[in-house]
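K.L.:
Have a look at this fold, sequence not included:
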């Protein structure tokens, strides 16, 4: 009988973690980003920027993220964040895991 209660407790813990962890990671801003996450793959930003994009200074530490930060007060992803995630996950141009850009 004790073993059955223990197993139910373990299953409940797994379900709670399976729901809580993804919900945490999907919050606006998500887990913290690594330093210069875009520069790891993109050496020349001019190749990936739309033609109508304003000039990006060479001295910027994180050229993309210096302007495209999520609004934490709104608790939702920005258009930029949604675009970046769609372009870098399954069905996008490349398939990366979360830890390619995020410090998990």
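P.N.:
Right, received. Where do you want to start? Quantities reported herein were computed from a predicted structural model and do not represent experimental measurements. Residues are numbered from 1 along each chain as shown.
K.L.:
next SSE after the lengthiest helix in the chain?
P.N.:
Secondary structure of the chain per DSSP state H: the longest helix is helix 2-25. Following helix 2-25 in sequence order, the next helix or strand is helix 63-67 (DSSP states H and E).
K.L.:
Report the mean per-residue pLDDT for that following helix.
P.N.:
In this model, helix 63-67 has a mean pLDDT of 77.
K.L.:
Pull the residues that contact the helix or strand following that helix.
P.N.:
Proceeding N to C from helix 63-67, the next assigned helix or strand is helix 79-88, under DSSP H and E. The contact list for helix 79-88 (CB atoms under 8 Å, 6 or more residues apart in numbering) reads 28, 64, 68, 70, 77, 92-96, 100-101. Backbone N, C-alpha and C define where each C-beta goes, glycine included.
K.L.:
mind running it again at 6 Å?
P.N.:
68, 70, 92-94, 96 (CB atoms under 6 Å, 6 or more residues apart in numbering).
K.L.:
which among the residues you listed end up buried?
P.N.:
For the contacts of helix 79-88, a neighbour count by 16 or more other CB atoms under 10 Å gives the buried set as 70, 96.
K.L.:
Adding distance to residue 16 as columns, could you present the contacts of helix 79-88 in JSON lines?
P.N.:
Shown next, in JSON lines, are the contacts of helix 79-88 (distance: CB to CB, whole Å):
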{"residue": "68", "distance to residue 16": "33"}
{"residue": "70", "distance to residue 16": "26"}
{"residue": "92", "distance to residue 16": "31"}
{"residue": "93", "distance to residue 16": "35"}
{"residue": "94", "distance to residue 16": "33"}
{"residue": "96", "distance to residue 16": "28"}
